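**Q** Sharing a sequence plus its predicted fold:
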Amino acid sequence: MQAFIYEPLPTRVVFGAGTFDQVRAEAARIATRFLVLATPQQAQLAEQAAQKLGDLCAGVHAGAVMHVPVPVVDEAVAVAEGLGVTGLVAVGGGSTTGLAKAIALRTGLPIVAVPTTYAGSEMTPIWGLTEDGVKRTGRDPVVLPRVAIYDPLLTLGLPAALSGVSGLNAIAHCVEGLYSETANPLVSLMAEEGIRALAKSLPIVVRDPGNIEARGDALYGAWLGGVILGSVGMALHHKLCHTLGGTFNLPHAETHAIVLPHAAAYNAAAAPEAMERIARAMAVPDAPRGLYDLLVAVGAQTALRDIGMPEDGLAKVIGLALTNPYYNPAPLVAEPLRELIDNAFVGRPPASPVARAAA
Ligand code: NAD
C-alpha cells in the first residue's frame, strides 16, 4: 500500500457555460467592493464583468502584463487602495490571475478568478513576481483564489494557436503530477482524467475554436491540471520551463508545450507507471511520442529556436537545471539533459524508450 498525504485546497469551483453571469452572486459571498483586473487586450471583458457586478464594482484596472513585473503590481496596489476595495475579480489568463495574486500577497484581498486560458493559476497558492529581470515564485495560502468561475463561453475567443499550447501547459501539470515526489492516488486519478479530456478536445478546439463541447472538455482538463499544480510538487519539466521563461523571456505556454514530450522521455524509464497512465489517457502506445504528436496535431511550434531561444544559451540552461537540486524521478545528469535540450531546441521527436528499443 502506498503511503501519502493529501490536503485539498479550499477554492470553490463554479463550472459551466454561462456561469460568468453568476459573478455578482459569487463575489457577494466574499466581499462588498471589487476592483476588476484584466490585460489591456481583455479590457472589454473586464467592462462586462464590471457591469455584471453592478454596485459591487468600484473600478476596472486593465493593466496586467506577462510575468507580473513589480512596477505593475505597485501601480495596481495603489489603484486598489485608492478605491478602498475589499476584493478582486481577475478576468483572464495566468498573467491576470498573477497580478491579482501579487496584490493579495501585499494586501490580503480575496480573489474571485474567472480564467479564460488553460494555465491553471486560479487553483494554486503559487505567486510569481518579476524584478530586475528575475522571476521569483513562492507559495502562500493568501493568494489562493476563494472562488474560480469556469465558463467555457469565455474561451471561445482564445485564438486556436494559444489554445493548443495553453492546453499542453495544463497537460504538463498532469504529467508531472503523476510522477511527483508528493503524488497521491487522488491526484493521479485527476491527472489521468485531465490528460484524457485535453488530449481528446485540443485537436477539435484548434480546428473548430467555437465548438462549445470541446471547449468545455478542455477547460475541465485545465481545471484538473490547476488542482494538480496547486496540490503536489512538480519536477524537471517545470524547472526547465521556469528557467527558459525567466532567463530568455520565452513565451510561457509555448515553452511548456515544446519541452513536455522531451521531459517525459527523460523520465520515462524512471516513471513507468506514470507513462502507462499518460499513454492510456491519450490512447497512444508511447507517452512521450504521443505528447509530441499532440504538439504537432495542434499546429504548435516544435522547436525552442523558433520561439526565441538563442543557441548560445543552451549550456546555461543545462547548468541552471543542474544547480539547486530538486526532486525528479530520473537523476539529473548533464549528458542526457543536453540531449533533451538539443531535441527541444531543433524540434526533433523525443528520444523515447520505444524509439530507442526499435533503433
Ligand atoms: P496570459 O494570461 O499571459 O494570456 C496571454 C494573452 O492572451 C493575453 O494577452 C491575454 O489577454 C490573452 N487572452 C487570455 N484569454 C483570452 C481569451 N479567452 N480570448 C482572447 N484572448 C485571451 O497567458 P497564460 O498562459 O494564461 O498565463 C501565463 C502566465 O501565467 C505566466 O506568467 C505563468 O508563469 C503564469 N502561471 C502561473 C501559475 C501559478 O500557479 N502561479 C500557473 C500557470 C501559469
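**A** Arrived safely.
**Q** C-alpha from now on. contacts and neighbour counts both.
**A** OK.
**Q** Ramachandran coordinates for the residue lying closest to residue 115 once chain neighbours are set aside?
**A** Among residues not flanking residue 115 along the chain, residue 92 sits closest, at 5.1 Å (C-alpha to C-alpha, 6 or more residues apart in numbering). Per-residue torsions, residue 92: phi 150, psi -160 (degrees, to the nearest 10).
**Q** What's the biggest helix in this structure, counting residues?
**A** helix 185-207 (DSSP state H).
**Q** circling back: number of nearby residues for the residue nearest to residue 115?
**A** Neighbourhood size, residue 92 [other C-alpha atoms under 10 Å]: 26.
**Q** if we can go back for a sec, for the longest helix of the chain, buried residues please.
**A** For helix 185-207, the buried set under the neighbour-count rule, 16 or more other C-alpha atoms under 10 Å, comprises 187-188, 190-206.
**Q** ditto for stretch 228-248
**A** Neighbour-count burial for stretch 228-248 flags 228-238, 240-247 (criterion: 16+ other C-alpha under 10 Å).
**Q** Please apply the same query to stretch 102-122.
**A** Result for stretch 102-122 [16+ other C-alpha under 10 Å]: buried residues 102-105, 107, 109-122.
**Q** Dump it to PDB, keeping only the CA atoms.
**A** What follows is stretch 102-122, C-alpha atoms only, in PDB (Å, rounded to 0.1, in the frame of the first residue of the first chain):
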ATOM      1  CA  ALA A 102       0.600  39.700  -6.200                       C
ATOM      2  CA  ILE A 103      -1.900  42.300  -4.900                       C
ATOM      3  CA  ALA A 104      -3.300  39.800  -2.500                       C
ATOM      4  CA  LEU A 105       0.200  38.900  -1.200                       C
ATOM      5  CA  ARG A 106       0.600  42.600  -0.100                       C
ATOM      6  CA  THR A 107      -2.900  43.400   0.900                       C
ATOM      7  CA  GLY A 108      -4.600  40.100   1.800                       C
ATOM      8  CA  LEU A 109      -7.600  41.000  -0.500                       C
ATOM      9  CA  PRO A 110      -9.700  37.900  -1.500                       C
ATOM     10  CA  ILE A 111      -9.800  36.900  -5.200                       C
ATOM     11  CA  VAL A 112     -12.600  35.800  -7.500                       C
ATOM     12  CA  ALA A 113     -10.900  34.300 -10.500                       C
ATOM     13  CA  VAL A 114     -12.500  34.000 -13.900                       C
ATOM     14  CA  PRO A 115     -10.000  32.100 -16.100                       C
ATOM     15  CA  THR A 116     -10.000  32.400 -19.800                       C
ATOM     16  CA  THR A 117      -7.000  30.200 -20.700                       C
ATOM     17  CA  TYR A 118      -5.900  26.700 -19.600                       C
ATOM     18  CA  ALA A 119      -2.900  27.800 -17.400                       C
ATOM     19  CA  GLY A 120      -4.500  26.800 -14.100                       C
ATOM     20  CA  SER A 121      -3.100  29.500 -11.900                       C
ATOM     21  CA  GLU A 122      -6.600  30.100 -10.400                       C
END
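**Q** ok, and does that stretch reach over to the ligand?
**A** Yes. Judged by C-alpha under 6 Å from any ligand atom, stretch 102-122 and the ligand are in contact via 116-117, 119-121.
**Q** Now render these as TSV, adding secondary structure and pLDDT.
**A** Below are those laid out as TSV (DSSP: H, G, I helix; E, B strand; the rest coil; pLDDT from 0 to 100):
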residue	secondary structure	pLDDT
116	coil	98
117	coil	98
119	coil	97
120	coil	98
121	helix	98
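**Q** Can you tell me the element residue 149 falls in?
**A** Using DSSP states H and E, residue 149 sits in strand 147-150.
**Q** Pairing partners for that strand, with directions?
**A** strand 12-15 (parallel), strand 111-115 (parallel) (DSSP bridges).
**Q** possible to save these as CSV with mean pLDDT and distance to residue 6?
**A** Converted to CSV, the strands paired with strand 147-150 look like this (pLDDT from 0 to 100; distance: least, C-alpha to C-alpha, whole Å):
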stretch, mean pLDDT, distance to residue 6
strand 12-15, 98, 18
strand 111-115, 99, 24
